[in-house]
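Asker: Prediction below, plus the sequence it came from.
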Amino acid sequence: MTPLYSEDRKGAPLVVVGSVNADLVVEVDRLPRPGETLAADTLKVYPGGKGANQAAAAAKLGYPTTFVGQVGRDAYAAMLRSALADCGVDTSLVSTVDGSCGTAVILLQPSGENSIIIVGGANTSEEWQITDEVTQAIQNAGAILLQREIPEVVNVIFAKIAQSARVPVVLDAGGVDKPLGIDLLSNVTILSPNETELARLTGLPTKSEKQVRAAAESLVHQGVNTVLVKMGSKGSMLVDIMGNYVRQEALPVLHVVDTTGAGDCYTGALAVALLEGRSYQDAMRFAGAAAAVCISRQGALPSLPTRQEALRELGEAAGHAGHTGSSGSMPAAGDALDDSKQQQQHYHQQQQQPGSSSFGGFSDGFVEDSQPKKSGFWD
């Protein structure tokens, strides 16, 4: 079993603590040069933020999820609360503080690649309140999920509350460009950086797969139970304190639309799969499928898949690779449950036995294909 699964906490909610932003997406043909002004045809506003994206990803996959975060008192606040609730997220622990909501300006190119500027707003406010309700939610969680777009001291407090209650802590290393303090690192169960973040955290090179593994193992030697490295189009890699090494290739994707939020989708889906008792390999495969769906659509929250969509992506990847399922057939496209609240109501009935290597009847791996693009755009 992985460190996120416990019989004692089976079915307990995932609590995500983090940022929620209004994403202002501007589509451009290319990035402007210094001193240059470019025209854009559209400006679209979507809900986003690493914390909100990860919470929404888990909830849309049908897992009971609570979000702890802050919004401001501007025009975006109601939209952000509503968007999370519509995805099935419990927003009862979202607080309102003075000032503006967090905001991200995203320059989206035709390739799907993006450049992002973040204004912290309410996310980085010094008014964070650790209420009794929040503390109780963390102590009763199946796991908590953190990122680095809120003050580090807040993450440390939440991580310590979780560890004192023996609740696993997953930390997505994305966010601020600062070293990880030992107070936070020592309370993390699973640390998930990308290659750039891994290099920054360890001071070691990450150009080759061998170097990535060495850098990840150096974090394990510092006391982190498990390190999962997101490697872009090369997939992902995991090492842990027990000496396990897992390598998962990215899934093929025919058309990349928007990579915004894909890494958050991956992290949320991974947490769900591990909380359900899946193996590392199956959880990484499932997360890759969810991210593959995500990058085929625009917007962070709007692009997140339902469980049935992620399972269907697994089936299509298997068919593309010439594999078939080993324990039944994939759900039909028309069977997708778009109402994630309904999925959560039936969660305990739908959940498979812990440790099973199958997602909806699919248990085979993938082989690399040279034609479609890979789904590893969660750098």
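Answerer: That came through fine. Numbers count the residues shown, from 1 in each chain.
Asker: what about the stretch 201-350 of the chain, any weak spots by pLDDT?
Answerer: 317-350 (pLDDT under 70).
Asker: now the helices for it?
Answerer: 209-221, 262-275, 280-294, 307-320, 340-345, 347-350 (DSSP state H, counting those that start in this stretch).
Asker: Nearest to Ile130, out of these?
Answerer: helix 262-275 (22.0 Å; C-beta to C-beta). (Each C-beta comes from the backbone N, C-alpha and C, glycine too.)
Asker: Between helix 280-294 and that closest one, find me the angle.
Answerer: Interaxial angle, helix 262-275 versus helix 280-294 (axes from the mean of the first three to the mean of the last three C-alpha atoms, to 10 degrees): 140 degrees.
Asker: so which of the helices of the stretch 201-350 of the chain gets nearest Val26?
Answerer: With C-beta to C-beta as the yardstick, what comes closest out of the helices of the stretch 201-350 of the chain is helix 262-275 (18.6 Å).
Asker: From the contact counts, what lies against that closest one?
Answerer: Under the contact definition 3 or more C-beta pairs under 8 Å, 6 or more residues apart in numbering; DSSP states H and E, helix 262-275 sits against strand 14-17, helix 50-60, strand 143-148, strand 169-175, strand 190-192, strand 226-230, helix 280-294.
Asker: Could you dump the ones you listed into CSV with distance to Thr2 added?
Answerer: Formatted as CSV, the helices and strands packed on helix 262-275 follow (distance: least, C-beta to C-beta, whole Å):
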stretch, distance to Thr2
strand 14-17, 14
helix 50-60, 16
strand 143-148, 10
strand 169-175, 11
strand 190-192, 9
strand 226-230, 8
helix 280-294, 6
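Asker: Tell me the first helix or strand C-terminal of the helix or strand hosting Asp23.
Answerer: In this assignment (DSSP states H and E), Asp23 forms part of strand 21-27. Next along the chain after strand 21-27, taking DSSP H and E as the criterion, comes strand 43-48.
Asker: list the buried ones in stretch 249-269?
Answerer: 249-253, 256-269 (16 or more other C-beta atoms under 10 Å).
Asker: before we move on, what about stretch 207-215?
Answerer: Buried residues in stretch 207-215, counted by 16+ other C-beta under 10 Å: 211-213, 215.
Asker: nearest to Leu38, of the residues you listed?
Answerer: Val212 (35.5 Å).
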